[in-house]
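Novice: Using only what follows, build the 3D model:
(one chain, ligands or ions: 1)
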Amino acid sequence: MRNIESIIVHCSATKAGQDFTAADIDCWHRERGFNGIGYHYVIRLDGKLEKGRDVALAGAHCKGWNERSVGICYIGGVDENGRPADTRTNAQKRVLYQIIMDLQREYNILQVLGHRDTSPDLNGDGVIEPYEYVKACPCFDSRKEYMGKHPIKYPFSLSYFHCTFAFAILHELLTYFHYDTRTIYLFTGTVSFKRSESCEISAT
Ligand SMILES: [Zn+2]
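Specialist: As a prediction, this is how the structure comes out:
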């Protein structure tokens, strides 16, 4: 598997309200001489997430960044007058956020950028300013929106097996300390009679 460090967000630069699919973009990119769709994910107007190029393969969406990034494209990015605009529907915003969280959970992502943030830093001040943008894509500030937004990562994955195992250990420990295991099943913590006492109770 290649080393994935960045997530780069794009727009399809198509007009608001016009829906296109990953298959459409696949055609456009093939016409441009690419080896199929350059993005790894496409988010339709209704929030449907479509897979593009296999994530294991380097994309073709951002020159100089393809080897170590995942490219996500939402459909839209241009208003009725053909000007760059954040045209994301609520469903697209929700799914974009979700896929960014999922990818961060899966890979060691260092940064989430918009395509425009990969423009060259012309004045060398360390900040890519709007006048330096090569393109407006994806027509909103991805860094501001996703900076510091990380999913909760557990050091282990919680599965049925883990829960059963943890419960078995807890059961053993409580038995060791002579507490009646029935108190655990109650899950209240208020009933904490000892085994000897419970025997007396059951005898009466
Ligand atoms: Zn782009």
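
Novice: what about stretch 128-146, average pLDDT?
Specialist: On average, the pLDDT along stretch 128-146 is 88.

Novice: Correction: the previous question concerned stretch 22-31.
Specialist: 97.

Novice: All the helices of this structure, in order from the start?
Specialist: All helices of the chain, identified by DSSP state H, fall at 22-31, 90-106, 142-146, 160-176, 182-186, 195-203.

Novice: give me every residue that touches residue 42.
Specialist: By C-beta atoms under 8 Å, 6 or more residues apart in numbering, the contact list for residue 42 reads 12, 21, 22, 25, 49, 50, 51, 52, 72, 73, 74, 75. For every residue, glycine as well, the C-beta is placed using N, CA and C.

Novice: and which of the residues you listed is nearest to the ion?
Specialist: For the contacts of residue 42, the minimum distance to the ion (C-beta to the ion) is 7.1 Å, reached by residue 73.

Novice: What score does the closest one have for pLDDT?
Specialist: 98.

Novice: Report the beta-bridge partners for it.
Specialist: Under DSSP bridges, the beta-bridge partners of residue 73 are residue 10, residue 42.

Novice: My guess is it contacts residue 49. True?
Specialist: No: Residue 73 is beyond contact range of residue 49, at 11.0 Å (criterion: C-beta atoms under 8 Å).

Novice: thinking again about what came up before, would you format the helices of the chain as JSON lines with distance to the ion and mean neighbour count included?
Specialist: Formatted as JSON lines, the helices of the chain follow (distance: least, C-beta to the ion, whole Å; neighbours: other C-beta atoms under 10 Å):
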{"stretch": "helix 22-31", "distance to the ion": "11", "mean neighbour count": "15"}
{"stretch": "helix 90-106", "distance to the ion": "14", "mean neighbour count": "16"}
{"stretch": "helix 142-146", "distance to the ion": "11", "mean neighbour count": "17"}
{"stretch": "helix 160-176", "distance to the ion": "41", "mean neighbour count": "11"}
{"stretch": "helix 182-186", "distance to the ion": "55", "mean neighbour count": "13"}
{"stretch": "helix 195-203", "distance to the ion": "68", "mean neighbour count": "10"}
